[in-house]
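Asker: return atomic coordinates for the entry below.
(one chain, ligands or ions: 2)
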Amino acid sequence: MDIKLPIERPKNRPIVITGPCSAETEEQVMKTAQMLADLDMPVDMFRAGIWKPRTRPGSFEGIGFEGLKWLKKVKDNFGFKITTEVANTQHVFEALKVGVDALWIGARTTVNPFSVQEVADALKGVDIPVFIKNPINPDLQLWKGAVERIYNAGINRIGLIHRGFSKFGNTIYRNVPEWQIPIELKRTFPDIMMLVDASHICGNRENLLEISQTALDLNYDGVMLESHCDPANAWSDAKQQVSPFQLKEEIIDRLQIRKTGAGDVEFHHNIEDLRLRIDAIDKEIIQMLGNRMKVAEKIGQYKKQNNIAVLQADRWNEIIEKAMKQANPLNLSEEFISRVLKAIHQESINHQERIMQGDKKGEQVK
Ligand code: PEP
Ligand code: MN
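Answerer: Ligands and ions are numbered 1, 2, ... in the order given. The predicted structure follows:
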């Protein structure tokens, strides 16, 4: 596949696509654009959702076609390139009619091959850049499949937007980043443009800088961030939007561009891989510690029945001695091993003490 860049890749700064989550009123769209234009900050594209696929009904579902005229006005008045989300044939036709500069496919569309195919079919014979957000679920193949469907329709200027993945239960993110997925996709399409949509990953304003910086450290090309002239009163995603001024002062100006190079994707993939292995080992260690405590509890039960003291000095010396012998060739310092073992031993004593004193947990030990 010969995927081309959807927009130019600047040399020494991140790409910035910004604008409100949704176009709400003409005034709000124009005011946001004006505030962005007044800043000394490049805006590579102005975004606004016209049709909003909301998870549950009842919230603002987008202003519809009328909003496209406002986007066009932003393009004419401020010279910004404009982009919006499309999810079906009609959206594509309407957006193309007003002359948007790029389209993006949202997470709730990427997840559905029927919808992606419909958009792809509507784009046959059209030459326009398309950004593809990751699907809402952490499925690399679905994301890859969407790229292939759009590419097979004849679109070759394709970019990716990483907006995180939904997960049941509480996390600090609105959508967890699962960095290994976009990194893996970059291995399939090495030179493809990758942006981070930190707004939808964070779901709040506080972590936008950190997530954007992590993405740049992973060699992403830039950011898509929601900005709004009056974020607190936005009709959608009010918690995560920032004012244009905050966007510049608190995020864009603070981002650091680190040294880049062809090997970076490989480098980060390897790091990620090693981290996953560390996580697996930690999990195993904790499981083993749990197993050890169960055995210690059984000993505690036995000591109780036979009225033997919990602490047996000889036994403790024996444990330490054996551990040192094993630790030396593994390059683990005696001091470290002795500290770890003391902590483990203390925990065993606590468990056994509880049994000796016959608390509930102790009674359960058979
Ligand atoms: C958006 O960009 O406002 C949006 C709806 O994003 P996503 O498709 O990532 O949820
Ligand atoms: Mn949004």
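
Asker: check contacts around the closest residue to Ile337 other than its chain neighbours.
Answerer: For Ile337, ignoring the flanking residues on the chain, the nearest one in space by CB to CB, 6 or more residues apart in numbering is Ala327 at 4.4 Å. For glycine as for every other residue, the C-beta is placed from the backbone atoms N, C-alpha and C. Residues in contact with Ala327 (CB atoms under 8 Å, 6 or more residues apart in numbering) are Ser333, Glu334, Phe336, Ile337.

Asker: how about CSV for those residues, with neighbour count, secondary structure and pLDDT added?
Answerer: What follows is the contacts of Ala327, written out as CSV (neighbours: other CB atoms under 10 Å; DSSP: H, G, I helix; E, B strand; the rest coil; pLDDT from 0 to 100):
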residue, neighbour count, secondary structure, pLDDT
Ser333, 10, coil, 84
Glu334, 12, helix, 84
Phe336, 10, helix, 88
Ile337, 17, helix, 90
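
Asker: next, work out how far apart the residue sitting nearest the centre point of the chain and Pro135 are.
Answerer: The centroid of the chain falls nearest to Pro177 when counting by CA atoms, centre = their mean (1.7 Å). As judged by CB to CB, to the nearest Å, Pro177 and Pro135 stand 14 Å apart.

Asker: over to Gln305?
Answerer: Gln305 is 58 Å from Pro135, by CB to CB.

Asker: ditto for Pro244
Answerer: Taken as CB to CB, the span from Pro244 to Pro135 is 30 Å.

Asker: cool, Glu318 as well?
Answerer: For Glu318 relative to Pro135 (CB to CB), the value is 56 Å.

Asker: who's more crowded, these two?
Answerer: More neighbours surround Pro135 than the other of Glu318 and Pro135, with 27 against 11 (other CB atoms under 10 Å).

Asker: ok, that one touching Gly145?
Answerer: No: counting by CB atoms under 8 Å, Pro135 stays clear of Gly145, with 9.1 Å between them.

Asker: point me to the residue of the stretch 151-300 of the chain nearest ligand 2.
Answerer: Asp237 (3.8 Å; CB to the ion).

Asker: my bad, the chain
Answerer: Counting by CB to the ion, the chain gets nearest ligand 2 through Cys21, at 3.3 Å.

Asker: now do the contacts for that residue.
Answerer: Ala48, Gly49, Lys52, Ser199, Glu226, His228, Ala234, Ser236, Asp237, Gln240, Gln241.

Asker: now, those that are in helices?
Answerer: Among these, the members falling in helices are Ser199 (criterion: DSSP state H).

Asker: tell me the least confident of the contacts of Cys21?
Answerer: Ranked by pLDDT, these bottom out at Lys52, which has 89.

Asker: excluding its backbone neighbours, what's nearest that residue?
Answerer: Gly62 (3.9 Å).

Asker: surely that neighbour meets Gly49?
Answerer: Yes: using CB under 8 Å, Gly62 makes contact with Gly49 at a distance of 5.9 Å.

Asker: mind checking which of those two has more residues around it?
Answerer: Gly49 (24 against 21).
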